[in-house]
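Colleague: Sequence and predicted model, in that order:
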Amino acid sequence: MAKKAKNQNVDKVVKKVNKEFDKTSSRIEKLIDDAIKQFDGVQNQVQEPVRKLLKELDELRDREMKRFSEEYERRLGEFHELQNNILDRLGISSKQAKADAKKAAGIKPTAKKPAAKKPAKAKKAAKPKAATTSKGPAAAAKTASKKAAPKKAAAPRKPAAPKPKDKSDLTQVKGIGPATARKLKEAGITSVDQIANPSADDQEKLQAFSKVKGFSTFSDEAKKVI
């Protein structure tokens, strides 16, 4: 009987221990679940600012790239315009210099060439008189007069007419750089005339470039080119 009572007591202790163990295990699992939930919440709180920061960085990069591209096109347009102005001035100066040189070359020979060649031709005219006894003095005099006659000065050349401007080069218009010109041609604006005197269809195409810097002056500048 004592042994049976002892076994019952042991069973009760074991059951009690198992019950407490189950309770402890449940509490530990609950704590682990709470910890995981808290970790997920913290992770979301950290990831959200990071995603927001990355998004802001992308937007800032796009804005800076756009600003850099616009600044580059503007500077390139200014450089192209300056280059065209320099070439135009050099072209005008060289044509004027050539015209002055040709004009001077046309005036000087009439005053100096006959005077410089008269003595030499007079000496040559004496030879036919002694050598041409068979032809007679009349033939000798005729030959001598032909050799002694001064040559006529060459008429000055007229300066070549300037070549017509290439109206398909849209970069001639102040404010239009190579990149903008390429986009205009892709849109169907292929001539300076379309910018200077646009039709209704051309005006609609040009409106797509209304945000380009200097757009309001494109028409006036194009009229200066043509």
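Modeller: Here it is on my side, so go on.
Colleague: And what about D166, helix, strand or coil?
Modeller: Of the three states, D166 takes coil according to DSSP: H, G, I helix; E, B strand; the rest coil.
Colleague: Could you find the closest non-adjacent residue to it?
Modeller: Closest residue to D166 apart from its sequence neighbours, by CB to CB, 6 or more residues apart in numbering: Q172 at 7.9 Å. C-beta coordinates here come from the backbone N, C-alpha and C atoms, glycine included.
Colleague: Look up the pLDDT of the one you found for me, please.
Modeller: pLDDT, Q172: 89.
Colleague: what number of residues lie near Q172?
Modeller: As a burial measure, Q172 scores 20 neighbours (other CB atoms under 10 Å).
Colleague: so the residue nearest to D166 sits right up against S191, yeah?
Modeller: No. Counting by CB atoms under 8 Å, Q172 does not reach S191; the two are 10.9 Å apart.
Colleague: Which helix or strand contains S26?
Modeller: In this structure, S26 is located in helix 2-131 according to DSSP states H and E.
Colleague: element containing D201?
Modeller: Counting by DSSP H and E, D201 is part of helix 200-206.
Colleague: what residues does that helix touch?
Modeller: Helix 200-206 is contacted from outside by 187-189, 194-195, 198, 215, 218, using CB atoms under 8 Å, 6 or more residues apart in numbering.
Colleague: go with 6 Å
Modeller: If you take CB atoms under 6 Å, 6 or more residues apart in numbering as the criterion, helix 200-206 is touched by 187-189, 194, 198.
Colleague: can you name the two of the residues you listed that are farthest apart?
Modeller: A187 and P198 (12.0 Å; CB to CB).
Colleague: Please identify which of the two sits among more neighbours.
Modeller: A count of neighbours by other CB under 10 Å puts P198 above the other of A187 and P198, at 18 against 14.
Colleague: Near the closest residue to the more buried one other than its chain neighbours, how many other residues are there?
Modeller: In this structure, P198 finds its nearest non-sequential neighbour in L206, 5.9 Å apart by CB to CB, 6+ apart. The tally of other residues near L206 (other CB under 10 Å) stands at 20.
Colleague: any idea how the protein splits into domains?
Modeller: The record's domain parsing of the chain by automatic domain parsing lists 74-121, 167-226.
Colleague: Out of those, the one nearest D40 is which?
Modeller: Using CB to CB, the nearest of those to D40 is domain 167-226, at 46.3 Å.
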